[in-house]
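Q: Build me a structure from this.
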Amino acid sequence: MNENLISTMGSRTAVRVIHTDEELVIAETVCNVLGFDLSGGDHSQSDFTNNLSVGKQQRNKQY
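A: Prediction:
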């Protein structure tokens, strides 16, 4: 795990690089906020787009 350590040996704190897919994290967060179930496994961008349009329709019905 030291390969992710970018701070120097003399640093008072350890600084590490944590790789993430920010776009996926944002998409999952948006789906979670909108109440979409993502428990089915892999999701393509078209799944995400379809879910957004369905969510928009559901929200419009509520108002």
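Q: Buried residues of stretch 17-36, list them for me.
A: Residues of stretch 17-36 classed as buried by neighbour count (16 or more other C-beta atoms under 10 Å): 27, 31, 36. Heads up, the C-betas are built off the backbone N, CA and C, glycines and all.
Q: just checking, Asn4 touches Val15?
A: No - Asn4 lies out of contact with Val15 (C-beta atoms under 8 Å); the separation is 9.4 Å.
Q: Tell me what Leu5 is bridged to.
A: Arg16 (DSSP bridges).
Q: Go ahead and confirm it touches Ala14.
A: Yes - counting by C-beta under 8 Å, Leu5 sits close enough to Ala14 to count as a contact (6.1 Å).
Q: The closest residue to Val17 other than its chain neighbours and Ile18: what is the separation?
A: Closest residue in space to Val17, ignoring its immediate chain neighbours: Asn4 at 4.9 Å, by C-beta to C-beta, 6 or more residues apart in numbering. Separation of Asn4 from Ile18 (C-beta to C-beta, to the nearest Å) stands at 7 Å.
Q: what about the helices in the protein?
A: Remark: helices assigned in the chain by DSSP state H are 22-34, 45-62.
Q: list the helices and strands the shortest one packs on?
A: For helix 22-34, the helices and strands in contact under the criterion 3 or more C-beta pairs under 8 Å, 6 or more residues apart in numbering; DSSP states H and E are helix 45-62.
Q: could you give the mean pLDDT of the helix it packs on?
A: The pLDDT scores in helix 45-62 average 59.
Q: what do you get for stretch 13-32?
A: 89.
Q: Over to it now: how far is its first residue from its last?
A: 34 Å (C-alpha to C-alpha, to the nearest Å).
Q: now do stretch 12-27
A: Span of stretch 12-27 from end to end, C-alpha to C-alpha: 35 Å.
Q: ok, Gly35 to Ser11 distance?
A: 43 Å.
Q: what do you get for Ile18?
A: 17 Å.
Q: for His19, same thing?
A: 21 Å.
Q: Equivalent analysis for Ser39, please.
A: Counting by C-beta to C-beta, the gap from Ser39 to Ser11 is 41 Å.
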